[in-house]
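S.K.: 3D model of this:
(2 chains)
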Amino acid sequence: GAGVSQTPSNKVTEKGKYVELRCDPISGHTALYWYRQSLGQGPEFLIYFQGTGAADDSGLPNDRFFAVRPEGSVSTLKIQRTERGDSAVYLCASSLTGLAGGQAEQFFGPGTRLTVL
Amino acid sequence: GENVEQHPSTLSVQEGDSAVIKCTYSDSASNYFPWYKQELGKRPQLIIDIRSNVGEKKDQRIAVTLNKTAKHFSLHITETQPEDSAVYFCAASIEGGSEKLVFGKGMKLTVNP
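M.R.: Predicted coordinates for the structure are as follows:
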């Protein structure tokens, strides 16, 4: 079956604008994660969904960042009033059950490269 | 919170040599340790993982060892090939806890033919 997909692959925006990044997880995966990866760094956790609910949003840097997963499948990461420091690759991952369910492997999408000018 | 350190940051070996990547973690509650390989411009892909109830795990040319007392774990790649060239990330997480993976900064491995 298809892997995790993300759209758009690239997004260039101006400082202060609003952006939405979309993630389509593997079908049937209940756990969904968002990470952010800056150049030369490892992925940095942002938020974790189990089903429709955000179980852990401790990685969101501030209240300009918000994510939803209304039907327990597709997720959207929303960034308001973008800043140049938000530029990074935003990665989405999904897992069949998450760690607690015993199927821990996180499958990553190709990422969305966000550039804020 | 958890902190994962990874050493070295770069490693260059000749084809056929072995490569070892070492990571340390800070939270003794961490019990799940995956390793990801990321080729340039591509997504991270899981290559092997280990849980804290196991000290060593092997999969063909790849092995991972875990020392819970010292809070460090290592990736061993034997008989390296040019296609092993990539950035390798270690990570730690708490099964039954927050679920998030905390990654190291990565190690760029170059295998010279």
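
S.K.: for whichever residue of chain A sits closest to chain B, give me its contacts.
M.R.: The shortest separation between chain A and chain B is 3.1 Å, found at residue A:42 (distances taken as C-beta to the nearest C-beta). Where you see a C-beta, it was placed from the backbone N, CA and C, and this is true even at glycine. With contact taken as C-beta atoms under 8 Å, 6 or more residues apart in numbering or on different chains, residue A:42 is in contact with B:4, B:6, B:89, B:91, B:103, B:104, B:105, B:106.

S.K.: give me every residue that touches residue B:68.
M.R.: For residue B:68, the residues meeting the contact criterion (C-beta under 8 Å, 6+ apart) are B:28, B:52.

S.K.: do you know the pLDDT at it?
M.R.: Residue-level confidence at residue B:68 comes out at 92, pLDDT.

S.K.: residue B:28 now?
M.R.: Spelled out, the predicted local distance difference test score at residue B:28 is 91.

S.K.: tell me the helix or strand right after the worst-scoring helix or strand of chain A on mean pLDDT.
M.R.: Among the secondary structure pieces of chain A, namely its helices and strands, strand A:53-56 has the lowest mean (mean pLDDT, DSSP states H and E), a mean of 90. Per DSSP states H and E, the first helix or strand lying C-terminal to strand A:53-56 is strand A:65-68.

S.K.: contacting residues around the residue in chain B that chain A sits nearest to?
M.R.: Checking chain B residue by residue against chain A with C-beta to the nearest C-beta singles out residue B:103 as nearest, at 3.1 Å. For residue B:103, the contact set (C-beta under 8 Å, 6+ apart) comprises A:42, A:43, A:44, B:4, B:36, B:89, B:90, B:91.

S.K.: run a quick neighbour tally on the residue lying closest to residue B:57 once chain neighbours are set aside.
M.R.: Counting by C-beta to C-beta, 6 or more residues apart in numbering or on different chains, the nearest residue to residue B:57 once its immediate chain neighbours are dropped is residue B:50, at 4.8 Å. Look at residue B:50: counted by other C-beta atoms under 10 Å in any protein chain shown, it has 20 neighbours.

S.K.: alright, that wraps it up for me.
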